[in-house]
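Peer 1: Have a look; sequence and predicted model below, questions after that.
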Amino acid sequence: MGTVKMLVAALAALTLGFAQEVPSDRVYGRVLVDTGDVYEGYIRWDRNEASWSDILDGTKELPWLNVRDAQRLDPDFDDRPRERSINIFGLRISWTDDDDDYPTSASAGIRFGHLRALDVFGDDRAVLTLKSGQELEFEDGATNLGDGIRGVEVEDPDGWTVELRWDELEVVEFMEAPRSALPPGADRLYGTLTTRSGMEFTGFVAWDLDEVLTSDILDGEERGRERRIPFENIGSIRRAGRSGSSVELRDGGEVYLRDSNDVDEGNRGIRVSDPDLGQVTVAWSDFDAIRFHGAPAAAGSYTAFDGGKPLWGTVETESGEQWTGYIRWDNDEESTWELLDGRSGGVEFDVEFGLIDRIRKLGEWACEVLLLDGRSFELDGSNDVDEDNKGVFVTLEDGDVILVRWWDFAEVTFHP
C-alpha cells in the first residue's frame, strides 16, 4: 500500500508539470523510539517548529568556571548563604537563605539547523550534539522538552505521519533531506509581517504560535457561520481591530473573520523565524498585516548552519579602553549559536549572536543591536540589554579574563 502511494505521489508531481525539489528549509531526521523502531522523515516538533531556522528552547546549566570568574572579578559578587532569623512568641527561629545565590542556570535556545543529534534523558532533559561537536544539556524548555511537549510528528517517505510522545523518544538524528525523499505533504509557512510601528520581518511563520504549515487551518466566523480556511489558500491577513481580521484569499476573494483566537485579540502572537536575525514574536496588539509568499530556494537550509563557534570580538569601555578576545555575554552566552533577548514595543526578539555585528549601550536600560545585514534595533526589557546584565567577560589571548561591568560597558564589535 505504501509503495502504491509513493507511485501515485510521484505521478501526481509529473502530472503537475514540475520536478519538485526536496525543500531545503524543512527539518528532517531519523527518530529512534523505545520499542526499537526507527522513523525517518520530515519533523514537526511541538507543533510550531518545522524549519531549520526555528528555535528549540530550554534551560542550560552554567559552567562552574563562569561562577568562579564572577566571584573573583566582581566586587559585588556574594554567593554565601545568609543566616536569617525571626522571633515568634519569644521563640527564635533561624534558617539559611539561599535566595541570593549566584544563578547556576539560564534560559537558552538554539536553532534546529545547528543540531546533529538529540538524546533524551528522563522526563525533561536532553543532551544536544551540535554540528561543531559541542555537547550540552538542555532541560524543560516550556513545551519544547519533556512531558509537556505537544508531540513530535514524523512524515515518512510514504507520506504517512506518525505522532510520538516524549516518553517514546530515545534519539533524534538530524540531517538534510536526501534527494530521493519525496516532497512533504505541505510547505512551511513563509511571509512578510508588518507591525503597527512600521517594522518589517520576513521568514518562516508560526501563526498564533501554532499553525506553521500550508495545510494548517485558519478558524473564524463570517456573518455567524464558521469558516475553516487552509493557509495554502490565504494570500494575506490584516488585523481589523481587536476583534477580527480581514483575510485576502489567493483566488481574489476577501472575507472578514472574527470570534476565534486565530483572528482576534485572543491570538497568542505571530512568530517569524528570520534566517538572518533569529526569531521575533509579535503581539496581536502590535501586529498590522502579513503577506504570505514562497521562500527563496536556499532560505534557512541545513547547510547554512555550522553548529556555532566561540564568540570573538572587541569590547570598548566608557573610558575608551579596548579589550579583544573571547566574549562571554552576561556571563552566559559565549557561542555564536546562542541568543540575545530583548523587546521593542510589542515585539520580542531572540537574536542569534552569530548574526550580530555590534551591540552599543544606549543607557542603563537599552541597547542598539546592529546586524550583519545592516539592520539595527533598539532593545530593552531583558537582562541581556539592560543594567541587570551580569557583565561582559573577555578572555584575552594570554588566558587572562577581564570583566567589563555594565556601568562601564560602551559597545562590543564581533569579529568572524
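Peer 2: Arrived safely. Numbers count the residues shown, from 1 in each chain.

Peer 1: So residue 62 sits against residue 103, correct?
Peer 2: Yes: if you go by Cβ atoms under 8 Å, residue 62 and residue 103 touch, sitting 6.9 Å apart. For glycine as for every other residue, the C-beta is placed from the backbone atoms N, C-alpha and C.

Peer 1: joint contacts of these two?
Peer 2: When Cβ atoms under 8 Å, 6 or more residues apart in numbering defines a contact, no residue borders residue 62 and residue 103 alike.

Peer 1: pLDDT weak spots in the stretch 51-200 of the chain?
Peer 2: 77-101, 141-142 (pLDDT under 70).

Peer 1: what are the ranges of the helices in it?
Peer 2: 64-73 (DSSP state H, counting those that start in this stretch).

Peer 1: Okay, strands next: where are they in it?
Peer 2: Secondary structure of the stretch 51-200 of the chain, counting by DSSP state E, counting those that start in this stretch: strands at 55-61, 82-88, 91-97, 105-111, 115-121, 125-130, 135-139, 152-155, 161-164, 169-174, 190-195, 200-207.

Peer 1: repeat for the stretch 301-416 of the chain
Peer 2: Using DSSP E, counting those that start in this stretch, strands in the stretch 301-416 of the chain cover 312-317, 322-329, 339-344, 347-352, 356-363, 366-371, 376-380, 392-395, 401-404, 409-414.

Peer 1: same for the first one, what does it pack against?
Peer 2: Right, the one you point to is strand 312-317. If you count contacts as 3 or more Cβ pairs under 8 Å, 6 or more residues apart in numbering; DSSP states H and E, strand 312-317 packs onto strand 322-329, strand 409-414.

Peer 1: JSON lines for the strands of the stretch 51-200 of the chain, including mean neighbour count and distance to residue 345?
Peer 2: JSON lines is the format used below for those (neighbours: other Cβ atoms under 10 Å; distance: least, Cβ to Cβ, whole Å):
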{"stretch": "strand 55-61", "mean neighbour count": "19", "distance to residue 345": "21"}
{"stretch": "strand 82-88", "mean neighbour count": "9", "distance to residue 345": "39"}
{"stretch": "strand 91-97", "mean neighbour count": "9", "distance to residue 345": "38"}
{"stretch": "strand 105-111", "mean neighbour count": "19", "distance to residue 345": "21"}
{"stretch": "strand 115-121", "mean neighbour count": "19", "distance to residue 345": "32"}
{"stretch": "strand 125-130", "mean neighbour count": "19", "distance to residue 345": "32"}
{"stretch": "strand 135-139", "mean neighbour count": "17", "distance to residue 345": "30"}
{"stretch": "strand 152-155", "mean neighbour count": "22", "distance to residue 345": "34"}
{"stretch": "strand 161-164", "mean neighbour count": "15", "distance to residue 345": "37"}
{"stretch": "strand 169-174", "mean neighbour count": "19", "distance to residue 345": "35"}
{"stretch": "strand 190-195", "mean neighbour count": "20", "distance to residue 345": "8"}
{"stretch": "strand 200-207", "mean neighbour count": "22", "distance to residue 345": "13"}
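
Peer 1: closest to residue 39 out of these?
Peer 2: Distance to residue 39, taken as Cβ to Cβ, is lowest for strand 152-155 among the strands of the stretch 51-200 of the chain, at 4.4 Å.

Peer 1: What's the end-to-end length of stretch 131-144?
Peer 2: Using Cα to Cα, to the nearest Å, the end-to-end distance of stretch 131-144 comes out at 20 Å.

Peer 1: err, stretch 231-247, not the other one
Peer 2: Per Cα to Cα, stretch 231-247 runs 10 Å from first to last residue.
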